[in-house]
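**Q** Got a predicted model here, sequence first, then my questions.
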Amino acid sequence: MILDKFSNSQRKFIMPVTTVIMILIITVLAKFEIINNYFQTIIVTICINIIMSASLNIVNGYMGEFSCGHGGFMATGAYVSSVVTLVLFKNGNAITGHALLPEGWALLGFPIAVIIGGLASMLVSLIVAIPSFKTRDDYLAIITVAANFIVTTAINNIPAVGASRGLMGMKSVMNGMAGVIDIPWILVWGLIFAITAVVAIHFLMNSTLGKGISAVKYDEISAEIMSVDTNRMKLIAFTFSSFLAGIAGGLFAHLLGFINPSSFGIMKSTESLVMVYLGGMGSLSGSVISAVVFTFLLELLRPAQILKWVIIPLILILIMEFHPEGIMGSRELTQVFPALKKLFPANKNLEKPEALSKEGGAA
């Protein structure tokens, strides 16, 4: 096999190098319009859906809780990152009227603004998470749905960000970046953030912390007996998941150039749930695959308009009835194709049964 020709030290560079080459190729193809604007939008949408699906899977899949308010955290990230970029880089914005910095500086400021949006979502999730520690299952679902409505209703009543009319102007920020280096920046940043999110979740769930998060799913009481700080695990999982949802929201806002509170209602949270259960609970590979499948499915059903929200839930019902584990179940691609394990070195100590007890002693 080709991989056998590389040493262990060389194999760990194969995926990073391949990923960078892939991003460069897609950017060049988009620059010369071989990949047109329509397909660029689909690719960025896939990236956003990957982040949403994989991040929600941390809570609903790996941790075994049931959160259904991901749209609210996405809204927080979308609005906060949009306000930051508009105030800093857009003249004539509806908030301050003039930009604080030259629009060309958006090239450096945009990723920072998106991360700030993610941090704002993390803060909101912290407010939700702390009083929710003692709730599980249906009760947590109700709390997160309520949080989704609270966030969207609050935004709906803030005139500074357009209230129900919405907020616009983010496209000009992207155009300012293109004025410095003429490439499709939203595509580039979409790919970078999506890949970074997947890698971060992979390392988190294969770490000692990740095993502690999984322990909550299998038996929370037993985990506490083994000295696992389950409240801490819940807090880490929930806030990190919401941080990534905020990142997805920032990308979503700058992709469309216009957002309003109705974009982040319960239907947006439902989309995330559909992708998680379609891909498989506790499978990062499944989240990525389901995000791709779901995005293309939405595009195919676009002519059906409102009927697509009859067809998509029907598909979900059929999956839950006849294939409830989803596309991947709880498996990863490395389990389906063992040869791929050579590209993803894992901490072997964490694969042993005694790893959890070690984590418990450290917690």
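**A** Yep, it's here.

**Q** Tell me the secondary structure at residue 98.
**A** coil (DSSP: H, G, I helix; E, B strand; the rest coil).

**Q** got a list of what it touches?
**A** 91-92 (Cβ atoms under 8 Å, 6 or more residues apart in numbering). C-beta here means a position set from N, CA and C on the backbone, and glycine is covered the same way.

**Q** Then the one 5 residues further on?
**A** Residues counted as contacts of residue 103 (Cβ under 8 Å, 6+ apart) are 89-91, 172-173, 176, 179.

**Q** Only the buried subset of those, as a PyMOL command please.
**A** Applying 16 or more other Cβ atoms under 10 Å to the contacts of residue 103, the buried members can be selected in PyMOL as follows:
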select buried, resi 89+90+172+173+176
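
**Q** Nearest to residue 324 among the contacts of residue 103?
**A** residue 173 (43.2 Å; Cβ to Cβ).

**Q** Quick check: which ranges of this protein have low pLDDT?
**A** 1-11, 133-138, 342-363 (pLDDT under 70).

**Q** Now do the strands in this structure.
**A** 167-168, 258-259 (DSSP state E).

**Q** what comes up buried for stretch 87-103?
**A** Here stretch 87-103 shows 87-90, 93-94, 99, 103 as buried, counting by 16+ other Cβ under 10 Å.

**Q** still on that earlier bit, of the contacts of residue 103, closest to residue 68?
**A** Distances from residue 68 to those, taken by Cβ to Cβ, are shortest for residue 173, at 31.5 Å.

**Q** Residue 48 against residue 191, yeah?
**A** No - at 11.0 Å, residue 48 does not count as touching residue 191 under the criterion of Cβ atoms under 8 Å.

**Q** circling back: of the buried residues of stretch 87-103, which belong to helices?
**A** Secondary structure defined by DSSP state H assigns 87-89 of those to helices.

**Q** which of the residues you listed lies closest to residue 294?
**A** residue 89 (32.4 Å).

**Q** separation between the closest one and residue 281?
**A** From residue 89 across to residue 281, the span is 40 Å (Cβ to Cβ, to the nearest Å).

**Q** need the contact list for the spatially most central residue of the chain.
**A** The C-alpha lying nearest the average C-alpha coordinate of the chain belongs to residue 51 (Cα atoms, centre = their mean; 2.2 Å). Residues in contact with residue 51 (Cβ under 8 Å, 6+ apart) are 193-194, 197, 244-245, 247-248, 251.

**Q** can you do 10 Å?
**A** 74, 118, 190, 193-198, 201, 244-249, 251-252, 272, 287, 291 (Cβ atoms under 10 Å, 6 or more residues apart in numbering).

**Q** Thanks a lot, catch you later.
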